[in-house]
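> this is a predicted model, with the sequence first.
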Amino acid sequence: MDIEKLIIIGSGPSGYTAAIYAARATLSPLLFEGVAAGGQLMLTTEVENYPGFPEGIQGPELMPLFKKQAQRFGTRIVSDDVVSVDFSARPFTVKSGDREVKAESVIISTGASAKWLGVPGEKEYGGRGVSACATCDGFFFRDKKVLVAGGGDAAMEEALFLTRFATSVTVLVRTEALRASKIMAERAMKNPKITFVWNASVTEVVGDGTKMTGVKTVDTKTGATGEMAADGLFVAIGHKPNTEIFKGQVELDEKGYVVLHDGTQRTSVTGVFASGDVADHVYRQAITAAGTGCAAALEAERWLASRE
Ligand code: NDP
(Lines give C-alpha, C1' and ligand atoms only; values in the text may rest on other atoms or scores of the structure.)
Protein backbone atom coordinates (compact mmCIF):
# COMPACT_ATOMS: atom_id res chain seq x y z
CA MET A 1 0.00 0.00 0.00
CA ASP A 2 1.29 3.48 -0.87
CA ILE A 3 1.95 5.81 1.99
CA GLU A 4 0.66 9.35 1.52
CA LYS A 5 2.84 12.21 2.68
CA LEU A 6 -0.14 14.25 3.85
CA ILE A 7 -3.85 13.67 4.26
CA ILE A 8 -6.14 16.64 4.86
CA ILE A 9 -9.55 15.90 6.38
CA GLY A 10 -12.14 18.57 5.63
CA SER A 11 -13.02 20.92 2.79
CA GLY A 12 -13.89 24.27 4.28
CA PRO A 13 -11.67 27.37 3.86
CA SER A 14 -9.13 25.81 6.21
CA GLY A 15 -8.78 22.41 4.55
CA TYR A 16 -8.57 23.89 1.05
CA THR A 17 -6.04 26.54 2.08
CA ALA A 18 -3.90 23.85 3.71
CA ALA A 19 -4.19 21.91 0.42
CA ILE A 20 -3.13 24.89 -1.72
CA TYR A 21 0.01 25.39 0.38
CA ALA A 22 0.83 21.70 0.67
CA ALA A 23 0.27 21.07 -3.03
CA ARG A 24 2.49 23.99 -4.01
CA ALA A 25 5.14 22.49 -1.73
CA THR A 26 4.86 19.33 -3.89
CA LEU A 27 3.42 17.19 -1.11
CA SER A 28 0.58 16.08 -3.42
CA PRO A 29 -1.95 16.04 -0.55
CA LEU A 30 -4.97 13.76 -0.48
CA LEU A 31 -7.99 15.68 0.74
CA PHE A 32 -11.12 14.02 2.10
CA GLU A 33 -13.91 16.38 1.20
CA GLY A 34 -16.72 14.65 3.12
CA VAL A 35 -20.42 14.75 2.45
CA ALA A 36 -20.78 18.30 3.79
CA ALA A 37 -18.23 19.45 1.17
CA GLY A 38 -17.32 23.12 1.31
CA GLY A 39 -18.13 23.48 5.00
CA GLN A 40 -20.23 26.12 6.70
CA LEU A 41 -19.90 28.74 3.94
CA MET A 42 -22.06 26.50 1.78
CA LEU A 43 -24.90 27.38 4.17
CA THR A 44 -24.43 31.13 3.95
CA THR A 45 -25.40 33.62 1.31
CA GLU A 46 -23.51 36.86 1.01
CA VAL A 47 -19.93 36.81 2.34
CA GLU A 48 -18.88 40.45 2.68
CA ASN A 49 -15.82 40.14 4.89
CA TYR A 50 -13.59 37.79 2.92
CA PRO A 51 -10.75 40.00 1.65
CA GLY A 52 -10.33 40.22 -2.10
CA PHE A 53 -14.06 40.39 -2.85
CA PRO A 54 -14.94 44.06 -2.37
CA GLU A 55 -18.45 43.54 -3.73
CA GLY A 56 -19.00 40.42 -1.61
CA ILE A 57 -19.48 36.90 -2.90
CA GLN A 58 -21.97 34.09 -2.27
CA GLY A 59 -20.60 31.36 0.02
CA PRO A 60 -21.50 28.57 -2.43
CA GLU A 61 -19.66 30.49 -5.18
CA LEU A 62 -16.56 31.07 -3.08
CA MET A 63 -15.95 27.46 -2.05
CA PRO A 64 -15.61 25.99 -5.56
CA LEU A 65 -12.92 28.65 -6.17
CA PHE A 66 -10.97 27.36 -3.16
CA LYS A 67 -11.35 23.84 -4.52
CA LYS A 68 -10.24 24.77 -8.01
CA GLN A 69 -7.15 26.52 -6.67
CA ALA A 70 -6.26 23.48 -4.54
CA GLN A 71 -6.69 21.15 -7.53
CA ARG A 72 -4.64 23.38 -9.79
CA PHE A 73 -1.48 22.46 -7.89
CA GLY A 74 -2.19 18.76 -7.68
CA THR A 75 -4.40 18.21 -4.64
CA ARG A 76 -6.25 14.91 -5.06
CA ILE A 77 -9.77 15.16 -3.72
CA VAL A 78 -11.98 12.28 -2.64
CA SER A 79 -15.57 12.91 -1.70
CA ASP A 80 -15.82 10.29 1.07
CA ASP A 81 -16.42 10.99 4.72
CA VAL A 82 -13.66 9.76 7.01
CA VAL A 83 -15.20 7.29 9.47
CA SER A 84 -12.19 6.51 11.68
CA VAL A 85 -8.51 7.28 12.20
CA ASP A 86 -5.69 5.54 14.00
CA PHE A 87 -2.90 7.85 15.14
CA SER A 88 -1.44 5.33 17.62
CA ALA A 89 0.86 3.74 15.05
CA ARG A 90 2.93 5.18 12.19
CA PRO A 91 2.21 5.61 9.38
CA PHE A 92 -1.22 6.86 10.48
CA THR A 93 -4.38 5.18 9.19
CA VAL A 94 -7.37 7.07 7.81
CA LYS A 95 -10.48 5.06 6.91
CA SER A 96 -13.49 6.10 4.89
CA GLY A 97 -16.47 4.01 3.87
CA ASP A 98 -14.65 2.11 1.15
CA ARG A 99 -10.94 2.84 1.52
CA GLU A 100 -8.12 2.71 4.02
CA VAL A 101 -5.19 5.03 3.50
CA LYS A 102 -1.84 5.33 5.29
CA ALA A 103 -0.16 8.70 5.76
CA GLU A 104 2.91 10.17 7.35
CA SER A 105 1.09 13.32 8.42
CA VAL A 106 -2.51 14.50 8.79
CA ILE A 107 -4.22 17.89 8.99
CA ILE A 108 -7.59 17.90 10.75
CA SER A 109 -9.85 20.61 9.30
CA THR A 110 -13.29 19.14 9.95
CA GLY A 111 -14.77 22.38 11.24
CA ALA A 112 -17.77 22.82 13.49
CA SER A 113 -21.52 22.44 13.13
CA ALA A 114 -24.48 24.31 14.54
CA LYS A 115 -25.92 22.86 17.75
CA TRP A 116 -29.55 21.85 17.90
CA LEU A 117 -31.94 21.88 20.85
CA GLY A 118 -32.70 18.18 20.55
CA VAL A 119 -36.42 18.57 21.30
CA PRO A 120 -39.34 16.73 19.66
CA GLY A 121 -40.48 18.28 16.39
CA GLU A 122 -37.18 20.11 15.75
CA LYS A 123 -35.95 17.63 13.15
CA GLU A 124 -39.40 16.99 11.72
CA TYR A 125 -39.91 20.69 10.99
CA GLY A 126 -36.31 21.34 9.93
CA GLY A 127 -36.51 23.36 6.69
CA ARG A 128 -40.25 23.75 7.32
CA GLY A 129 -39.95 26.49 9.90
CA VAL A 130 -36.92 25.39 11.92
CA SER A 131 -33.52 26.68 10.83
CA ALA A 132 -30.05 27.35 12.24
CA CYS A 133 -29.14 30.00 9.69
CA ALA A 134 -30.99 33.29 9.31
CA THR A 135 -28.80 34.41 6.44
CA CYS A 136 -29.79 31.24 4.56
CA ASP A 137 -33.49 31.10 5.37
CA GLY A 138 -34.55 34.51 6.69
CA PHE A 139 -35.84 35.50 3.29
CA PHE A 140 -38.63 32.91 3.56
CA PHE A 141 -40.07 34.63 6.62
CA ARG A 142 -41.22 37.87 5.07
CA ASP A 143 -44.17 39.26 7.11
CA LYS A 144 -44.02 36.26 9.43
CA LYS A 145 -43.60 35.88 13.16
CA VAL A 146 -40.36 34.19 14.15
CA LEU A 147 -38.60 33.01 17.29
CA VAL A 148 -34.89 32.84 18.03
CA ALA A 149 -33.56 30.45 20.70
CA GLY A 150 -30.29 31.51 22.35
CA GLY A 151 -28.68 34.42 24.16
CA GLY A 152 -25.22 34.77 22.63
CA ASP A 153 -23.87 37.03 19.90
CA ALA A 154 -25.07 34.61 17.25
CA ALA A 155 -28.64 34.81 18.56
CA MET A 156 -28.49 38.65 18.55
CA GLU A 157 -27.10 38.66 15.04
CA GLU A 158 -29.77 36.26 13.81
CA ALA A 159 -32.54 38.28 15.51
CA LEU A 160 -31.32 41.57 14.04
CA PHE A 161 -30.99 40.08 10.58
CA LEU A 162 -34.48 38.58 10.77
CA THR A 163 -36.05 42.00 11.48
CA ARG A 164 -35.44 42.77 7.79
CA PHE A 165 -38.11 40.23 6.89
CA ALA A 166 -40.24 39.25 9.87
CA THR A 167 -43.00 41.32 11.44
CA SER A 168 -41.78 40.34 14.89
CA VAL A 169 -38.81 38.50 16.34
CA THR A 170 -39.04 36.99 19.82
CA VAL A 171 -35.81 35.87 21.45
CA LEU A 172 -36.19 33.02 23.92
CA VAL A 173 -33.39 33.07 26.50
CA ARG A 174 -33.11 30.13 28.88
CA THR A 175 -31.70 32.22 31.73
CA GLU A 176 -32.11 35.79 32.94
CA ALA A 177 -28.94 37.00 31.30
CA LEU A 178 -27.53 37.31 27.82
CA ARG A 179 -24.13 35.92 27.02
CA ALA A 180 -23.88 38.30 24.05
CA SER A 181 -21.43 41.21 23.98
CA LYS A 182 -22.80 44.51 25.26
CA ILE A 183 -22.87 46.17 21.87
CA MET A 184 -24.80 43.33 20.21
CA ALA A 185 -27.21 43.03 23.15
CA GLU A 186 -27.93 46.77 23.12
CA ARG A 187 -28.50 46.79 19.40
CA ALA A 188 -31.02 43.97 19.71
CA MET A 189 -32.74 45.49 22.75
CA LYS A 190 -33.15 48.80 20.96
CA ASN A 191 -34.78 47.26 17.90
CA PRO A 192 -38.54 47.79 18.13
CA LYS A 193 -39.27 44.53 16.30
CA ILE A 194 -37.37 42.42 18.82
CA THR A 195 -38.77 41.27 22.18
CA PHE A 196 -37.12 39.05 24.77
CA VAL A 197 -38.67 36.30 26.86
CA TRP A 198 -36.46 35.36 29.81
CA ASN A 199 -36.11 31.95 31.46
CA ALA A 200 -37.82 30.41 28.46
CA SER A 201 -36.73 27.01 27.22
CA VAL A 202 -38.23 25.36 24.16
CA THR A 203 -39.47 21.84 24.94
CA GLU A 204 -41.15 20.98 21.64
CA VAL A 205 -41.72 22.33 18.15
CA VAL A 206 -45.34 21.88 17.13
CA GLY A 207 -46.87 21.98 13.67
CA ASP A 208 -49.68 20.87 11.42
CA GLY A 209 -47.71 18.06 9.80
CA THR A 210 -46.62 20.29 6.90
CA LYS A 211 -45.03 23.24 8.65
CA MET A 212 -44.33 24.39 12.16
CA THR A 213 -46.97 26.50 13.87
CA GLY A 214 -45.33 27.20 17.20
CA VAL A 215 -43.36 25.93 20.16
CA LYS A 216 -44.05 24.62 23.64
CA THR A 217 -41.99 26.24 26.37
CA VAL A 218 -41.18 25.84 30.01
CA ASP A 219 -40.21 28.62 32.40
CA THR A 220 -36.85 27.45 33.74
CA LYS A 221 -37.50 29.27 37.04
CA THR A 222 -41.12 28.53 37.87
CA GLY A 223 -41.64 25.37 35.82
CA ALA A 224 -44.74 26.91 34.23
CA THR A 225 -45.42 25.57 30.75
CA GLY A 226 -46.69 27.57 27.83
CA GLU A 227 -47.18 27.61 24.08
CA MET A 228 -46.27 30.27 21.55
CA ALA A 229 -47.49 30.53 17.97
CA ALA A 230 -44.82 31.26 15.36
CA ASP A 231 -43.97 30.54 11.73
CA GLY A 232 -40.27 30.02 12.31
CA LEU A 233 -37.73 29.05 14.96
CA PHE A 234 -34.07 29.96 14.50
CA VAL A 235 -31.80 27.96 16.76
CA ALA A 236 -28.64 29.93 17.65
CA ILE A 237 -27.19 28.18 20.68
CA GLY A 238 -23.61 27.77 19.54
CA HIS A 239 -21.56 25.30 17.58
CA LYS A 240 -19.85 22.02 18.28
CA PRO A 241 -16.57 20.88 16.75
CA ASN A 242 -16.69 17.89 14.41
CA THR A 243 -14.28 15.74 16.40
CA GLU A 244 -16.27 12.55 17.07
CA ILE A 245 -13.81 10.42 15.08
CA PHE A 246 -10.76 11.92 16.84
CA LYS A 247 -11.81 11.02 20.40
CA GLY A 248 -8.99 9.06 22.03
CA GLN A 249 -6.67 9.88 19.08
CA VAL A 250 -5.66 13.47 19.78
CA GLU A 251 -6.15 15.62 22.85
CA LEU A 252 -9.50 17.43 22.89
CA ASP A 253 -10.65 20.07 25.39
CA GLU A 254 -13.77 19.73 27.54
CA LYS A 255 -15.95 21.09 24.72
CA GLY A 256 -14.43 18.72 22.17
CA TYR A 257 -12.17 21.20 20.34
CA VAL A 258 -8.73 19.96 19.28
CA VAL A 259 -6.07 21.26 21.67
CA LEU A 260 -3.15 22.99 19.94
CA HIS A 261 0.34 23.27 21.38
CA ASP A 262 2.96 26.02 21.67
CA GLY A 263 0.91 28.59 19.76
CA THR A 264 1.19 26.47 16.59
CA GLN A 265 -1.19 24.15 14.71
CA ARG A 266 0.43 21.09 16.33
CA THR A 267 -1.79 18.65 18.18
CA SER A 268 -0.83 16.23 20.95
CA VAL A 269 0.34 13.75 18.29
CA THR A 270 3.55 14.65 16.43
CA GLY A 271 2.77 14.79 12.71
CA VAL A 272 -0.94 15.51 13.24
CA PHE A 273 -2.00 19.14 12.86
CA ALA A 274 -5.35 20.90 13.15
CA SER A 275 -6.69 24.12 11.68
CA GLY A 276 -9.89 26.12 11.38
CA ASP A 277 -13.01 25.95 13.53
CA VAL A 278 -12.25 22.42 14.78
CA ALA A 279 -9.61 24.02 16.99
CA ASP A 280 -11.06 27.52 17.35
CA HIS A 281 -14.15 28.46 19.32
CA VAL A 282 -13.18 32.11 19.51
CA TYR A 283 -12.82 33.65 16.04
CA ARG A 284 -14.65 31.18 13.79
CA GLN A 285 -14.22 33.22 10.61
CA ALA A 286 -13.52 31.99 7.09
CA ILE A 287 -10.38 34.14 6.93
CA THR A 288 -9.00 32.91 10.28
CA ALA A 289 -9.76 29.32 9.24
CA ALA A 290 -7.91 29.89 5.97
CA GLY A 291 -5.01 31.50 7.84
CA THR A 292 -4.59 28.59 10.23
CA GLY A 293 -4.95 26.15 7.32
CA CYS A 294 -1.93 27.82 5.74
CA ALA A 295 -0.03 27.60 9.03
CA ALA A 296 -0.90 23.89 9.43
CA ALA A 297 0.40 23.13 5.92
CA LEU A 298 3.66 24.98 6.64
CA GLU A 299 4.03 23.04 9.89
CA ALA A 300 3.37 19.72 8.12
CA GLU A 301 5.84 20.58 5.37
CA ARG A 302 8.58 21.47 7.87
CA TRP A 303 7.93 18.41 9.97
CA LEU A 304 8.08 16.09 6.95
CA ALA A 305 11.29 17.76 5.76
CA SER A 306 12.90 17.43 9.18
CA ARG A 307 12.46 13.66 9.02
CA GLU A 308 14.13 13.20 5.66
P1 NDP B 1 -22.38 31.31 22.72
O2 NDP B 1 -21.80 30.08 23.35
O3 NDP B 1 -21.72 32.61 22.93
O4 NDP B 1 -23.89 31.46 23.22
C5 NDP B 1 -24.77 30.39 23.19
C6 NDP B 1 -26.10 30.86 23.74
O7 NDP B 1 -27.05 29.83 23.56
C8 NDP B 1 -26.04 31.17 25.22
O9 NDP B 1 -26.93 32.22 25.50
C10 NDP B 1 -26.55 29.87 25.84
O11 NDP B 1 -27.18 30.03 27.07
C12 NDP B 1 -27.56 29.45 24.81
N13 NDP B 1 -27.81 28.01 24.83
C14 NDP B 1 -26.90 27.01 24.77
N15 NDP B 1 -27.51 25.81 24.76
C16 NDP B 1 -28.82 26.06 24.83
C17 NDP B 1 -29.98 25.25 24.87
N18 NDP B 1 -29.90 23.92 24.81
N19 NDP B 1 -31.18 25.85 24.93
C20 NDP B 1 -31.29 27.19 24.98
N21 NDP B 1 -30.24 28.02 24.94
C22 NDP B 1 -29.03 27.46 24.87
O23 NDP B 1 -22.51 30.95 21.17
P24 NDP B 1 -22.68 31.91 19.91
O25 NDP B 1 -22.86 30.98 18.77
O26 NDP B 1 -23.68 32.94 20.14
O27 NDP B 1 -21.26 32.61 19.75
C28 NDP B 1 -20.08 31.84 19.65
C29 NDP B 1 -18.87 32.77 19.55
O30 NDP B 1 -18.91 33.50 18.32
C31 NDP B 1 -18.82 33.81 20.65
O32 NDP B 1 -17.49 34.02 21.00
C33 NDP B 1 -19.40 35.04 20.00
O34 NDP B 1 -18.97 36.23 20.59
C35 NDP B 1 -18.91 34.90 18.56
N36 NDP B 1 -19.84 35.58 17.62
C37 NDP B 1 -19.68 36.91 17.40
C38 NDP B 1 -20.53 37.59 16.56
C39 NDP B 1 -20.33 39.05 16.38
O40 NDP B 1 -19.63 39.64 17.14
N41 NDP B 1 -20.92 39.65 15.36
C42 NDP B 1 -21.65 36.92 15.88
C43 NDP B 1 -21.76 35.53 16.23
C44 NDP B 1 -20.89 34.89 17.07
P45 NDP B 1 -26.36 30.05 28.46
O46 NDP B 1 -25.76 31.41 28.54
O47 NDP B 1 -27.42 29.78 29.46
O48 NDP B 1 -25.34 28.94 28.37
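That came through, no problem.
> now the helices for the stretch 1-150 of the chain?
Secondary structure of the stretch 1-150 of the chain (DSSP state H, counting those that start in this stretch): helices located at 13-24, 59-72, 134-137.
> what sits up against the first one?
For helix 13-24, contacts defined as CB atoms under 8 Å, 6 or more residues apart in numbering pick out 6, 8-9, 29, 31, 39, 41, 63, 66-67, 69-70, 72-75, 107, 109, 111, 275-278, 286-287, 289-294, 296-298, 300-301. C-betas here are computed from N, CA, C, even on glycine.
> which of those residues are buried, as a PyMOL select command?
In PyMOL, a selection of the buried entries from the contacts of helix 13-24 looks like this (16 or more other CB atoms under 10 Å):
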select buried, resi 6+8+9+29+31+39+41+63+66+67+69+70+73+75+107+109+111+275+276+277+278+286+289+290+291+292+293+294+296+297+298+300+301
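> of the contacts of helix 13-24, which are in range of the ligand?
The subset of those within reach of the ligand, counting by CB under 6 Å from any ligand atom, is empty.
> mind putting the helices of the stretch 1-150 of the chain in JSON lines, mean pLDDT included?
As requested, the helices of the stretch 1-150 of the chain are arranged in JSON lines below (pLDDT from 0 to 100):
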{"stretch": "helix 13-24", "mean pLDDT": "98"}
{"stretch": "helix 59-72", "mean pLDDT": "96"}
{"stretch": "helix 134-137", "mean pLDDT": "82"}
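> buried deepest among the ones you listed, which one?
Of all these, helix 13-24 has the most neighbours on average by mean count of other CB atoms under 10 Å, namely a mean of 29.
> follow-up on the earlier one: select from the contacts of helix 13-24 every entry located in strands.
Helix and strand membership here follows DSSP state E; of the contacts of helix 13-24, those in strands are 6, 8-9, 31, 107.
> and the two most separated of those?
Looking at the ones in strands among the contacts of helix 13-24 by CB to CB, the two members farthest from one another are 6 and 9, with 10.7 Å of separation.
> what is in contact with those two at once?
Shared contacts of residue 6 and residue 9 (CB under 8 Å, 6+ apart): 106-107.
> any idea how far residue 94 lies from residue 9?
Taking CB to CB, to the nearest Å as the measure, residue 94 and residue 9 are separated by 7 Å.
> now do the shared contacts for the two.
Once CB under 8 Å, 6+ apart is applied, the residues that residue 94 and residue 9 both contact turn out to be 32, 82, 85, 106.
> dump those to a markdown table, plus distance to the ligand and pLDDT.
Rendered in a markdown table, the data for those read as follows (distance: CB to the nearest ligand atom, whole Å; pLDDT from 0 to 100):
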| residue | distance to the ligand | pLDDT |
| --- | --- | --- |
| 32 | 26 | 97 |
| 82 | 26 | 97 |
| 85 | 27 | 98 |
| 106 | 27 | 98 |
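> quick one: which of the residues you listed is most hemmed in?
The most crowded member of those, judged by other CB atoms under 10 Å, is residue 106 (31 neighbours).
> got a list of what that one touches?
6-9, 85, 87, 92, 94, 271-273 are the contacts of residue 106 under CB under 8 Å, 6+ apart.
> one more: residue 238?
Residue 238 makes contact with 114-115, 150, 152, 154 under the criterion CB under 8 Å, 6+ apart.
> near the ligand, which of those show up?
Restricting these to those near the ligand by CB under 6 Å from any ligand atom leaves 150, 152, 154.
> nearest residue to the one residue in the stretch 1-150 of the chain that gets nearest to the ligand in space, please, no chain neighbours.
With CB to the nearest ligand atom as the measure, the residue in the stretch 1-150 of the chain that lies nearest the ligand is residue 150; the distance is 3.8 Å. Sequence neighbours aside, residue 236 is the residue nearest to residue 150 in space, at 3.9 Å (criterion: CB to CB, 6 or more residues apart in numbering).
> quick one: the one you found from residue 162, how far?
Remark: distance between residue 236 and residue 162 (CB to CB) = 10 Å.
> go on, residue 207?
Residue 207 is 19 Å from residue 162, where distance means CB to CB.
> pick out whichever of those two has more residues nearby.
Here residue 207 and residue 162 are compared on neighbour count by other CB under 10 Å; more neighbours surround residue 162, at 26 against 17.
> gap between the more buried one and residue 214?
In this structure, residue 162 and residue 214 are separated by 17 Å, where distance is defined by CB to CB.
> secondary structure class for the residue nearest to residue 243 when sequence neighbours are not counted?
For residue 243, ignoring the flanking residues on the chain, the nearest one in space by CB to CB, 6+ apart is residue 256 at 5.0 Å. Secondary structure of residue 256, reduced to three states by DSSP: H, G, I helix; E, B strand; the rest coil: coil.
> wait, residue 256 sits on residue 245?
No - here residue 256 does not reach residue 245: they are 11.5 Å apart, not a contact under CB atoms under 8 Å.
> from residue 85, how far off is the residue in the stretch 51-200 of the chain positioned nearest to the ligand?
Among the residues of the stretch 51-200 of the chain, residue 152 lies nearest to the ligand; the distance is 2.3 Å by CB to the nearest ligand atom. Plainly put, residue 152 is 31 Å away from residue 85 if you go by CB to CB.
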